[in-house]
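give the three-dimensional model of this entry:
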Amino acid sequence: MNLLRTIESKHNRLFIFQLQDGSTIEAVHYRGDTLCISTQVGCHVRCGFCASGKHGLLRNLRREEILSQYYVVSSFLPIRRIAVAGIGEPLANWGEVKAAFYEFKEKGLKVSFYTTGFPLENLRELLFMQHNGVSVSLHSLDRNKRKALMPYGGDLNRLVKFLKEELPLLPKGRKKKLSLAYLLIKDVNDSEGELIKLAQLAKELGVGVALLYYNSVSDYPQMSPEEYERAFLLLRSLGVKVTLSNRFRKDKIGGCGTLTVGKTADYT
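Sure thing, here's the model as predicted:
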């Protein structure tokens with residue numbers, strides 16, 4: 001793996017890696033101590049609000065390719081945390097991701113995950129591991145709407161049923177580290193009724209909500225800061241613990257949904 005290029009913004013450092021087969025992947029260093037890494041070349045989920053799956057899945061990353069992102073960047077920047085939230089669905093490459101996870105933990109790193117939740121048997125295993133946080137992507141509680149947003153993101157009803165059955169089995173400390181990720185998209189999933197349903201589910205499950213800000217990478221309209229704040233205040237008024245996207249996740253360089261992949265990408 002070669003470090004092809006580094007792009008810096010006020011908040012983030014984006015690293016473009018070239019693999020042996022010529023493919024490129026990206027990782028992001030943010031918050032001064034955190035590296036967001038990729039687990040696949042492309043992504044089969046093909047979320048309409050994310051650049052990473054635009055061309056589908058090319059292949060899984062091997063354990064050593066996942067780890068190499070850390071080894072390269074840690075040679076010149078401090079890293080205490082790993083966010084498995086870059087290009088790819090980690091549960092769809094679970095054998096390699098799990099092997100890398102245990103090596104990260106051996107080095108004393110804190111590791112968190114963002115996932116669509118499928119395959120569910122892999123999510124079950126992940127929930128009981130010594131992770132430092134798992135955010136399960138919902139983005140809508142309307143089955144058809146979620147499928148439109150996440151064409152290959154798995155069945156919503158199965159996911160909700162799974163969470164209702166499995167979360168009561170988690171130790172209290174593990175459960176506290178779980179949240180529901182909800183990317184707010186203007187005029188798509190931001191109605192008061194939808195947010196009330198989200199709050200009801202979060203309270204039933206006993207978890208918080210990560211209310212994500214949409215970085216404009218497609219034709220979906222972007223929320224204004226005021227609209228985003230109103231959604232946050234509504235959820236909080238309903239008794240839900242809510243976290244917002246910080247400045248690192250909203251940065252156009254390396255923010256949520258902005259990472260790309262390609263055989264012959266042009267980064268000029």
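
going by C-alpha atoms from here, please, whenever you check contacts or count neighbours.
Fine.

what does the pLDDT read for T260?
At T260, the model reports a pLDDT of 87.

tell me who's in contact with it.
With contacts defined as CA atoms under 8 Å, 6 or more residues apart in numbering, T260 is in contact with 25-26, 42, 51-53, 87.

same check, this time on E192
Neighbour list for E192: A231 [criterion: CA under 8 Å, 6+ apart].

ok, L4 next?
L4 neighbours (CA under 8 Å, 6+ apart): 15-18.

with G206 instead?
Taking CA under 8 Å, 6+ apart, we find G206 in contact with K175.

distance of it relative to R31?
28 Å (CA to CA, to the nearest Å).

what segments of the protein are strands?
For the chain, strands defined by DSSP state E occupy the ranges 2-8, 13-18, 24-30, 34-36, 40-42, 57-60, 81-84, 110-115, 134-137, 178-184, 208-213, 242-244.

closest to F232 out of the contacts of T260?
Lowest distance from F232 to the contacts of T260 (CA to CA) belongs to A51, with 25.0 Å.

using JSON lines, lay out the strands of the chain together with mean pLDDT.
What follows is these, written out as JSON lines (pLDDT from 0 to 100):
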{"stretch": "strand 2-8", "mean pLDDT": "95"}
{"stretch": "strand 13-18", "mean pLDDT": "96"}
{"stretch": "strand 24-30", "mean pLDDT": "96"}
{"stretch": "strand 34-36", "mean pLDDT": "97"}
{"stretch": "strand 40-42", "mean pLDDT": "97"}
{"stretch": "strand 57-60", "mean pLDDT": "96"}
{"stretch": "strand 81-84", "mean pLDDT": "98"}
{"stretch": "strand 110-115", "mean pLDDT": "98"}
{"stretch": "strand 134-137", "mean pLDDT": "98"}
{"stretch": "strand 178-184", "mean pLDDT": "97"}
{"stretch": "strand 208-213", "mean pLDDT": "96"}
{"stretch": "strand 242-244", "mean pLDDT": "95"}
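
mind putting the ones you listed into a markdown table with distance to G255?
As requested, the strands of the chain are exported to a markdown table (distance: least, CA to CA, whole Å):
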| stretch | distance to G255 |
| --- | --- |
| strand 2-8 | 12 |
| strand 13-18 | 9 |
| strand 24-30 | 8 |
| strand 34-36 | 10 |
| strand 40-42 | 17 |
| strand 57-60 | 21 |
| strand 81-84 | 13 |
| strand 110-115 | 14 |
| strand 134-137 | 16 |
| strand 178-184 | 13 |
| strand 208-213 | 10 |
| strand 242-244 | 13 |
